[in-house]
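Engineer: This is a predicted model, with the sequence first.
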Amino acid sequence: MSEQREHFGSRMGFILAAAGSAVGIGNLVGFPVNAAKNGGGAFLLMYAIFVIVICLPVMIAEMAVGRKAAKNPVGAYSVLSENDSKWRLAGLLSIITPFMIAVFYTVLTVWIFVYLVLSVTGNLDYIASAAALGDVISSPYLFLSMIVVAALVRFILVSGVKDGIEKTAKIMMPALFVMLILLVIFVLTLDNAMAGVEYYLIPDLDKITPKVVSNALSQAFFSLSLGMGILITYGSYISKDTDIAGSAKLVAITDTSVAFIAGLMVLPAIFSFNPSVNPGELSDSGVSLIFSYLPKIFLALQSTVGYFFASAIASIFFLLVFFAAITSLVSIIEVPVSYLMDEKKQTRKKALNTMFLWAGLLALLTTLSAGMVDFLTSLTSYGGKSKSLFDLITDMFYDTILPLNGLLICLFVSYRWKSQKLNEELSKGNPNFSKTFLAKYTNFALATFIPIVVGVIFIDTVARTYFGYNFFG
Ligand code: PHE
């Protein structure tokens with residue numbers, strides 16, 4: 001059975017595919033927005049620390065579990081726990097979470113596609129207007145765009161791991177990098193851009209509050225695609241002679257560099273557009289920042305470069321975000337697909353059809369919950385706020401269950417599968433691994449402070465989101 005399992009064609013292919021998953025809307029929008037609102041350099045510093053001390057060991061653990069078991073997350077938890085039903089449940093959570101995150105990520109990707117089409121067709125002035133976001137999220141064109149996005153993702157996934165996922169990452173990732181660098185060079189030449197660079201790069205340590213710390217950790221977790229079963233699944237497609245720890249380091253470095261460079265584009269652009277900006281008071285959500293603030297910045301460029309070039313720059317930006325979103329979407333949908341193939345013995349095509357039916361249906365309802373259908377828009381209320389279906393899914397799966405999955409993988413690897421087996425797996429492809437500092441650190445951290453820190457954040461999120469109670473004031 002495992003000899004028929006598909007594999008990535010090369011170590012580089014695997015690294016690009018994993019980086020393609022990690023680099024997404026979270027890096028290009030979530031990170032710069034969070035950095036702008038949470039003290040610039042202070043946020044950047046905390047983020048970098050978390051990537052190294054917490055996220056890297058968790059990433060290594062997920063990849064190792066996947067490769068050892070050569071299975072999807074449910075299969076992996078089951079096999080490595082010798083069919084313990086408690087751990088199988090943890091595996092199931094790692095299938096349901098990506099499925100639900102795929103639903104809200106699809107909705108965002110569809111919006112981005114509409115903005116891309118609007119900026120390419122010369123409507124930058126319209127998307128920069130106050131009415132645009134409201135119009136777009138209730139426009140019938142959304143359904144057409146959803147079909148385009150779904151068809152594209154299906155087209156990639158139907159070709160499988162090597163010819164679909166890996167090939168796409170090999171094309172889209174370098175293209176994304178080139179576009180990003182071009183945009184940064186352009187933004188840095190704008191007036192007043194250096195004020196933004198300064199705010200971004202020089203940390204003001206007084207700005208490190210509990211909220212900044214907690215936001216930095218959630219952002220790092222999401223950005224590196226942890227807790228979603230993705231790296232377990234991708235790990236199951238790598239060969240035994242691949243050095244996992246070395247690959248994980250490269251994925252973390254790529255993801256963090258892209259987030260860092262995206263900050264270098266967005267923060268100076270904000271300062272240049274509005275020199276008296278107080279970044280702490282920027283609009284509250286990433287969604288409104290990308291969809292209403294950024295188009296305004298691009299439109300403002302017309303005074304220096306003219307409307308045509310301003311539209312071209314906006315188009316490149318949305319194309320960049322769209323590429324990043326597609327490679328992330330592909331990775332997250334592959335998780336339930338691999339589950340259906342391994343556990344339910346479905347063919348890849350059948351598994352994809354099952355997935356697209358259910359995820360498509362839910363994504364449709366979620367799209368309608370952004371204002372089009374009242375019942376779904378004010379579906380429920382908790383923590384003192386009214387919540388739509390979109391809010392409910394993001395609160396439950398992105399904010400709450402994601403860190404819980406992170407906690408479970410640490411406990412699983414340290415106390416059930418055991419550190420010694422982790423080291424054995426990591427030594428394949430890197431015979432000296434267990435003597436390295438990283439090995440000792442990974443074993444220690446996974447068993448001790450990572451579950452504690454992630455556990456505290458989990459409890460804080462549950463209290464704050466569902467009960468409106470703030471531990472940290
Ligand atoms: N790491 C992605 C990002 O930063 C998050 C993600 C990955 C979301 C895969 C969905 C699927 O945007």
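Structural biologist: Received, thanks.

Engineer: which SS class is the residue nearest to residue 160 when sequence neighbours are not counted?
Structural biologist: Residue nearest to residue 160 in three dimensions, not counting chain neighbours: residue 6, with 5.4 Å by Cβ to Cβ, 6 or more residues apart in numbering. Every C-beta, even on glycine, is put in place using the N, C-alpha and C of the backbone. Secondary structure state of residue 6, per DSSP: H, G, I helix; E, B strand; the rest coil, is coil.

Engineer: so who does the residue in the stretch 51-200 of the chain that the ligand sits nearest to touch?
Structural biologist: Residue of the stretch 51-200 of the chain nearest the ligand, by Cβ to the nearest ligand atom: residue 105 (4.4 Å). Applying Cβ atoms under 8 Å, 6 or more residues apart in numbering, we find residue 105 in contact with 24, 25, 325, 328, 329, 332.

Engineer: of those, list those near the ligand.
Structural biologist: Among the contacts of residue 105, the residues that sit close to the ligand (Cβ under 6 Å from any ligand atom) are 24, 25, 328, 332.

Engineer: hmm, back to that, can you point out the buried residues in the helix or strand the residue of the stretch 51-200 of the chain closest to the ligand falls within?
Structural biologist: With elements taken from DSSP states H and E, the one containing residue 105 is helix 85-120. Residues 87-88, 90-120 are the ones in helix 85-120 that count as buried (16 or more other Cβ atoms under 10 Å).

Engineer: Give the next helix or strand downstream of that helix.
Structural biologist: Proceeding N to C from helix 85-120, the next assigned helix or strand is helix 124-127, under DSSP H and E.

Engineer: Where do the strands of the stretch 151-300 of the chain begin and end?
Structural biologist: For the stretch 151-300 of the chain, no strands are identified by DSSP state E, counting those that start in this stretch.

Engineer: whoops, the stretch 351-473 of the chain was the one
Structural biologist: Going by DSSP E, counting those that start in this stretch, the stretch 351-473 of the chain shows strands at 380-382, 385-387.

Engineer: distance of the residue nearest to residue 334 when sequence neighbours are not counted from residue 146?
Structural biologist: Spatial nearest neighbour of residue 334, excluding adjacent residues (Cβ to Cβ, 6+ apart): residue 233 at 5.8 Å. The gap separating residue 233 from residue 146 is 24 Å, by Cβ to Cβ, to the nearest Å.

Engineer: pretty sure residue 454 is touching residue 53, no?
Structural biologist: No: at 11.9 Å, residue 454 and residue 53 do not qualify as touching, with contact defined as Cβ atoms under 8 Å.

Engineer: So for these two, which residue has more residues nearby?
Structural biologist: The residue with more neighbours, out of residue 454 and residue 53, is residue 454; 24 against 14, by other Cβ atoms under 10 Å.

Engineer: quick one: the more buried one from the ligand, how far?
Structural biologist: Distance from residue 454 to the ligand, counting by Cβ to the nearest ligand atom, to the nearest Å: 17 Å.

Engineer: Just checking, which helix or strand of the chain averages the lowest pLDDT?
Structural biologist: Averaged element by element with mean pLDDT, DSSP states H and E, the chain has its least confident helix or strand at helix 286-288 (a mean of 64).

Engineer: Test my guess that residue 97 contacts residue 230.
Structural biologist: No: counting by Cβ under 8 Å, residue 230 is not a contact partner of residue 97; they are 9.9 Å apart.

Engineer: Let me see the contact set for residue 351.
Structural biologist: By Cβ under 8 Å, 6+ apart, the neighbours of residue 351 are 336, 337, 338, 340, 341, 344.

Engineer: could you redo the last one with a cut-off of 10 Å?
Structural biologist: 157, 333, 334, 336, 337, 338, 339, 340, 341, 342, 344, 345 (Cβ atoms under 10 Å, 6 or more residues apart in numbering).

Engineer: same check, this time on residue 10
Structural biologist: Residue 10 touches 16, 162, 166, 170, 238, 239, 242, counting by Cβ under 10 Å, 6+ apart.

Engineer: Per-residue pLDDT of the last one, please?
Structural biologist: The pLDDT attached to residue 242 in the predicted structure is 95.

Engineer: List the residues that contact it.
Structural biologist: The contact partners of residue 242, taken as Cβ under 10 Å, 6+ apart, are 7, 8, 10, 11, 14, 15, 63, 67, 235, 428, 429, 430.

Engineer: So which bits of the stretch 51-200 of the chain are right by the ligand?
Structural biologist: Within the stretch 51-200 of the chain, the positions near the ligand by Cβ under 6 Å from any ligand atom are 101, 105.

Engineer: Could you list the low-pLDDT ranges of the stretch 251-400 of the chain?
Structural biologist: Applying pLDDT under 70 to the stretch 251-400 of the chain flags residues 279-289.

Engineer: Just the element for the nearest residue to residue 124 once chain neighbours are set aside, please.
Structural biologist: Nearest residue to residue 124 in three dimensions, chain neighbours excluded: residue 311, at 4.5 Å (Cβ to Cβ, 6+ apart). According to DSSP H and E, residue 311 maps onto helix 302-343.

Engineer: okay, the angle between that helix and helix 85-120?
Structural biologist: Between helix 302-343 and helix 85-120, the angle comes out at 150 degrees (axes from the mean of the first three to the mean of the last three Cα atoms, to 10 degrees).

Engineer: show me what contacts the nearest residue to residue 415 once chain neighbours are set aside?
Structural biologist: Leaving out its chain neighbours, the residue that sits closest to residue 415 by Cβ to Cβ, 6+ apart is residue 447, at 7.4 Å. Residue 447 sits next to 57, 410, 411, 413, 414, 415, 418, 419 when contact means Cβ under 10 Å, 6+ apart.

Engineer: Check residue 302 too.
Structural biologist: Residue 302 makes contact with 124, 125, 128, 308, 309, 310, 311, 313 under the criterion Cβ under 10 Å, 6+ apart.

Engineer: Please tell me how far the closest residue to residue 313 other than its chain neighbours sits from the ligand.
Structural biologist: In space, and not counting its chain neighbours, residue 313 is closest to residue 298: 5.9 Å by Cβ to Cβ, 6+ apart. Computed as Cβ to the nearest ligand atom, the residue 298 to the ligand distance reads 21 Å.

Engineer: Return the set of buried residues in stretch 299-306.
Structural biologist: Buried-residue list, stretch 299-306, by 16+ other Cβ under 10 Å: 299, 300, 301, 302.

Engineer: Now tabulate those residues in a markdown table and tack on distance to residue 205.
Structural biologist: Below are the buried residues of stretch 299-306 laid out as a markdown table (distance: Cβ to Cβ, whole Å):
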| residue | distance to residue 205 |
| --- | --- |
| 299 | 36 |
| 300 | 33 |
| 301 | 34 |
| 302 | 39 |
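
Engineer: and which of those is nearest residue 152?
Structural biologist: Closest to residue 152 out of the buried residues of stretch 299-306 is residue 299 (28.0 Å), distances taken as Cβ to Cβ.
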